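S.K.: Would you be able to build a 3D model of this:
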Amino acid sequence: MCGRISLYTPPERLARIFHAELEPGIDAEARPSWNVPPTRPILGLVDPAGDGTGPHRTLGRYRWGLVPSWAKDPAVGNRMFNARAETVATKPSFRAAFAARRLAVVADGFYEWQRGPGGERLPYYFTRADGAPLALAGLWEQWWDRSAGTRDGGGEDVRPPDLRTCTVITTGAGPDMTGIHDRMPVVLGADLLEEWLDPAHRDTPGLESLLVPAVAGTLVRHRVDRRVGNVRNDGPQLVDEVASGS
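M.R.: Okay, the predicted model is just below:
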């Protein structure tokens, strides 16, 4: 699974790295966080034109936890912060977004917990070995509160969505996760990112073939303090390495 990320690089710099434009209203120097849980805003990269270049790519905010457009209660998104690669193309909650609304969740790193010998949960922090930001395969959706009368006589929505949400896709663990967890987020390298974001790509088997574990050496990891388990804690000290016996 992937249920906690860090996002501290300024959005303006992330946009440059991924050859994208910031969406209107995004603070170029937004407040950093080293402990972002589901239901909080995170950054997502989309490419509506599908050509892999700016200015078509945009970087914008999405609430983490996907709410399908047909959901009656947006609270369903609180538990849909991950989608399994094995079922994302067929599960009703995700299949429409998989077909047409794919994005990459941008992050500096993510956390995963290992079960210790006494049953305690030991947090580890993962980043790219090359120091670049992560692009994690994901999906996005728009949701309207239908009780608020959002549609015109032809059934079209006439105002912006009340929520724009996303989820991170996970797959089986690769070699860089050995001994920590049996699943990991799908990490998209530059060679696969353009293909994943292309909205014209509708070949389900081809898209599913991208949702594989990262090859050995993509990620590095180290133990961090248990304080990261409390979302009220934040700050760069959360990603500092601690001794394995701490």
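S.K.: Flag the helix or strand of this structure with the lowest per-element mean pLDDT.
M.R.: helix 190-197 (a mean of 92; mean pLDDT, DSSP states H and E).
S.K.: For residue 120, see how far away the residue nearest the centre of the chain is.
M.R.: With distances taken as CA atoms, centre = their mean, residue 105 lies nearest the centre of the chain, 3.5 Å away. With the distance defined as CB to CB, to the nearest Å, residue 105 ends up 28 Å from residue 120. For glycine as for every other residue, the C-beta is placed from the backbone atoms N, C-alpha and C.
S.K.: With residue 86 instead?
M.R.: Residue 86 sits 29 Å away from residue 120, going by CB to CB.
S.K.: Around residue 125, count how many other residues there are.
M.R.: 23 (other CB atoms under 10 Å).
S.K.: quick one: which helix or strand includes it?
M.R.: strand 121-128 (DSSP states H and E).
S.K.: which parts of that strand are buried?
M.R.: Under the neighbour-count criterion of 16 or more other CB atoms under 10 Å, strand 121-128 has 122, 123, 124, 125, 126, 127, 128 buried.
S.K.: Stretch 17-32 too?
M.R.: 18, 19, 20, 22, 26, 30.
S.K.: which ones are touching the last one?
M.R.: This points to residue 30. Contacts of residue 30 were listed using CB atoms under 8 Å, 6 or more residues apart in numbering, and they are 10, 11.
S.K.: For it, give me the pLDDT.
M.R.: Per-residue pLDDT puts residue 30 at 90.
S.K.: what about the protein, any weak spots by pLDDT?
M.R.: 50-55, 147-159, 245-246 (pLDDT under 70).
S.K.: Let's see that with 80 instead.
M.R.: 1, 49-55, 116, 146-160, 244-246 (pLDDT under 80).
S.K.: Now do the strands in it.
M.R.: Taking DSSP state E as the criterion, the chain carries its strands at 5-7, 21-22, 33-36, 41-46, 58-64, 82-84, 102-107, 109-115, 121-128, 134-143, 163-172, 183-185, 219-223.
S.K.: quick one: the fourth one to strand 58-64, angle?
M.R.: Think strand 41-46. 130 degrees (axes from the mean of the first three to the mean of the last three CA atoms, to 10 degrees).
S.K.: Which elements pack onto strand 41-46?
M.R.: For strand 41-46, the elements it packs on are strand 5-7, strand 58-64, strand 102-107, strand 134-143, helix 190-197, judged by 3 or more CB pairs under 8 Å, 6 or more residues apart in numbering; DSSP states H and E.
S.K.: in its sheet, what does the shortest one sit against?
M.R.: The pairing partners recorded for strand 5-7 under DSSP bridges are strand 33-36 (antiparallel), strand 109-115 (antiparallel).
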